[in-house]
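J.: my questions concern the predicted model and sequence given below.
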Amino acid sequence: AQSVTQPDIHITVSEGASLELRCNYSYGATPYLFWYVQSPGQGLQLLLKYFSGDTLVQGIKGFEAEFKRSQSSFNLRKPSVHWSDAAEYFCAVGGSNFGNEKLTFGTGTRLTIIP
Amino acid sequence: NAGVTQTPKFQVLKTGQSMTLQCAQDMNHEYMSWYRQDPGMGLRLIHYSVGAGITDQGEVPNGYNVSRSTTEDFPLRLLSAAPSQTSVYFCASSYGSTWGTDTQYFGPGTRLTVL
């Protein structure tokens, strides 16, 4: 069965500091990997996604993620965070494994930015 | 485009009451789905639809019914509300033909409290 683990429930970062949010997945075939962001009181918005090709993926708002097959990871990074990045971040894994299509979300990481 | 819209934004029910959460999208997406979001559990799939007239159960379908009579609308019905259904509900839609691999577009959510 596919699964996603986000080991950090809550992370606090100073404004201007770098950020890395961890995501590990389990999937039996080629995974499709996503990062979504949920601002307070809002729905989820896609930050970036990886299907194939270059393992370093660029997304919106200055975020990037790196797919590492050997580590089953898809960590999200940003070189310098802004106060507006405070939100909850969800990693998700999906795919089309012999017609069994499914999308599984992680439990989320809440990001707090301090001045 | 309004995207994915949900009504109401907030709702309080008493145990045993019924209600329908509305979801509509104007992007001509074939795939629509309902998730519930609970603290520490991420998003869990309730029901989904791959097109008008076709619905299927997700991970946590008990206590919920859906129907899809048009491409645009995908209402979620709670037949007899229970306190365990207190949650934030998100509707999502996607365009492509492979549900597990496509970008999901989320509505703003409905916060439901069952007393």
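T.: That came in fine, so what should we check first?

J.: which ones are touching residue B:92?
T.: With contacts defined as C-beta atoms under 8 Å, 6 or more residues apart in numbering or on different chains, residue B:92 is in contact with A:43, A:44, B:4, B:32, B:33, B:34, B:35, B:104, B:105, B:106, B:107. (Each C-beta comes from the backbone N, C-alpha and C, glycine too.)

J.: what's around the first one, how many residues?
T.: Pointing back at residue A:43 there. Neighbour count for residue A:43, taken as other C-beta atoms under 10 Å in any protein chain shown: 22.

J.: pull the number of nearby residues for residue B:55.
T.: Residue B:55: 18 neighbours (other C-beta under 10 Å).

J.: what sits against it?
T.: Neighbour list for residue B:55: B:47, B:48, B:49, B:66, B:67, B:68 [criterion: C-beta under 8 Å, 6+ apart].

J.: swap in residue B:25?
T.: B:3, B:4, B:5, B:32, B:72, B:74, B:91, B:93, B:105.

J.: filter those residues down to the ones in strands?
T.: Among the contacts of residue B:25, DSSP state E puts B:4, B:5, B:32, B:91, B:93, B:105 in strands.

J.: circling back to that earlier point, ok, and the most crowded of the contacts of residue B:92?
T.: Ranked by the number of neighbours (other C-beta under 10 Å), those place residue B:32 first, at 29 neighbours.

J.: quick check, pLDDT for that residue.
T.: With respect to pLDDT, residue B:32 scores 93.

J.: same check, this time on residue A:98
T.: On pLDDT, residue A:98 comes in at 54.

J.: about what we covered before: select from the contacts of residue B:55 the one having the most neighbours.
T.: Ranking those using other C-beta under 10 Å puts residue B:48 first, with 25 neighbours.

J.: from chain A, how far out is it?
T.: 9 Å (C-beta to the nearest C-beta, to the nearest Å).

J.: parallel or antiparallel, list what pairs with the strand or helix carrying that residue.
T.: Secondary structure from DSSP states H and E places residue B:48 in strand B:42-51. Strand B:42-51 has the following sheet partners, assigned by DSSP bridges: strand B:31-38 (antiparallel), strand B:54-57 (antiparallel).

J.: ok, back up a step: in JSON lines: the contacts of residue B:25, plus distance to residue A:67.
T.: Shown next, in JSON lines, are the contacts of residue B:25 (distance: C-beta to C-beta, whole Å):
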{"residue": "B:3", "distance to residue A:67": "28"}
{"residue": "B:4", "distance to residue A:67": "28"}
{"residue": "B:5", "distance to residue A:67": "34"}
{"residue": "B:32", "distance to residue A:67": "28"}
{"residue": "B:72", "distance to residue A:67": "35"}
{"residue": "B:74", "distance to residue A:67": "32"}
{"residue": "B:91", "distance to residue A:67": "29"}
{"residue": "B:93", "distance to residue A:67": "26"}
{"residue": "B:105", "distance to residue A:67": "23"}
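
J.: thank you kindly, that will do.
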